[in-house]
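K.L.:
whatever this is, show me its structure:
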Amino acid sequence: MGVIEFIQDPQVTLALVSVAVTFLVIIVSSAKQKKIALQPEVYAPFRLQEKVELSHDTRMFRFALQSPKHVLGLPIGQHVSMKFVDADGKIVTRSYTPTSSDINLGHVDFVIKVYRPNEHPNFPDGGKMSMHLERLKIGDTVDMRGPKGNLTYLGAGNFSIRRRDDRQVRKLGMMAGGTGITPMLQVISAIMREGSTGLVEMSLIFANKSEDDILLRDMIEKLAASNPNFKFHYTLDTAPEGWTHSQGFINKEMVEKHMPPPGADTLILMCGPPPMLKFACVPALEALGFSEDMHFSF
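P.N.:
Have a look, this model is predicted:
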């Protein structure tokens, strides 16, 4: 029997169809069985699996999920709330965006800056949550819940803002300060992972105190090297000799040069210290004619 006659045999055709249907059922069943670690209303304990020192004051904290098959269950653009009870019995909560995503099974990663006492004028006693995380030992737990947030990246350049305003974005600008880079990298990575960089042009201004403070610099520059539709620019409070990027606060000229122009298909995302957003980023956008619906602050 030839190959064509073999395929045309009704019994063979039925068997092939049966195999295909079985395969599809397995795929669908597997997708339905995806286990979600987060709960929106209830805090659950997550065990510290690994802690990596990225700089003198920044750590990568990896927490294990409930099983190796669990995903965190966090939409792109959303964040989680962490909670602990301090020595005075007070509940301390903070929100963080992971650097990992739901393609990572069994764990979630956070890059967090540790604010120690007397190191930052805004935190004379240190950052309560970051100091607590710094003191955790491998195997200790911290409570988390989520998702939280008013922005979700839906894919293919589509954003949902405050669950009522869906936007088709072709030009995405991002301005970040310090650890405010984490939600930006989450969105950038998602756009690149799904292959939508042909649809969305991305640009980033990343502000830091010094060159040593540039978080996840290798990741940013590797992402830019891998895709010409993603451009980045740094600005530092204190720049070293020979520095080729900017120095000083984000201003109108910097935004005009490195961010996309105002438009119906433009969205500017911002995340960083509140004074940076209030006194630098937003005034620069307003001076350039950006309307309120063209920018969003995490």
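
K.L.:
what residue ranges in the stretch 101-250 of the chain score low on pLDDT?
P.N.:
Applying pLDDT under 70 to the stretch 101-250 of the chain flags residues 120, 122-123, 163-164.

K.L.:
which parts of it are helices?
P.N.:
Here the stretch 101-250 of the chain has its helices, by DSSP state H, counting those that start in this stretch, at 128-135, 181-193, 217-226.

K.L.:
buried sites along stretch 237-254?
P.N.:
Under the neighbour-count criterion of 16 or more other C-beta atoms under 10 Å, stretch 237-254 has 239, 245-246, 249-250, 254 buried. Where you see a C-beta, it was placed from the backbone N, CA and C, and this is true even at glycine.

K.L.:
looking at those, spot the one nearest F296.
P.N.:
I250 (16.1 Å; C-beta to C-beta).

K.L.:
which phi and psi does the nearest residue to the closest one once chain neighbours are set aside have?
P.N.:
In space, not counting the residues next to it along the chain, I250 is nearest to A280; the distance is 4.5 Å by C-beta to C-beta, 6 or more residues apart in numbering. Per-residue torsions, A280: phi -120, psi -60 (degrees, to the nearest 10).

K.L.:
which residues does A280 contact?
P.N.:
Neighbouring residues of A280 by C-beta atoms under 8 Å, 6 or more residues apart in numbering: 249-251.

K.L.:
now do V255
P.N.:
175, 205, 281, 284-285, 288.

K.L.:
how near is H70 to A264?
P.N.:
40 Å (C-beta to C-beta, to the nearest Å).

K.L.:
of those two, who's got more company?
P.N.:
In this view H70 and A264 are compared by other C-beta atoms under 10 Å, and H70 has more residues nearby, 19 against 11.

K.L.:
show me the domain layout of this protein.
P.N.:
36-148, 151-297 (automatic domain parsing).

K.L.:
the strand ranked longest in the chain: what's the following helix or strand?
P.N.:
With secondary structure taken from DSSP state E, the chain has its longest strand at strand 44-55. Per DSSP states H and E, the first helix or strand lying C-terminal to strand 44-55 is strand 58-64.

K.L.:
what's the helix or strand following that following strand packed up against?
P.N.:
As assigned by DSSP H and E, the chain's next helix or strand after strand 58-64 is strand 70-71. Packed against strand 70-71 by the contact rule (3 or more C-beta pairs under 8 Å, 6 or more residues apart in numbering; DSSP states H and E) you find strand 35-36.

K.L.:
what sits up against the strand it packs on?
P.N.:
So strand 35-36 is contacted by 66-67, 69-73 (C-beta under 8 Å, 6+ apart).

K.L.:
pull up the pairing partners for that strand, direction included.
P.N.:
Here strand 35-36 is paired, per DSSP bridges, with strand 70-71 (parallel).

K.L.:
now render the helices of the stretch 101-250 of the chain as TSV, adding mean neighbour count and distance to M144.
P.N.:
Listed next are the helices of the stretch 101-250 of the chain as TSV, based on neighbours: other C-beta atoms under 10 Å; distance: least, C-beta to C-beta, whole Å:
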stretch	mean neighbour count	distance to M144
helix 128-135	18	12
helix 181-193	21	15
helix 217-226	14	23
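
K.L.:
I am finished for the moment; much appreciated.
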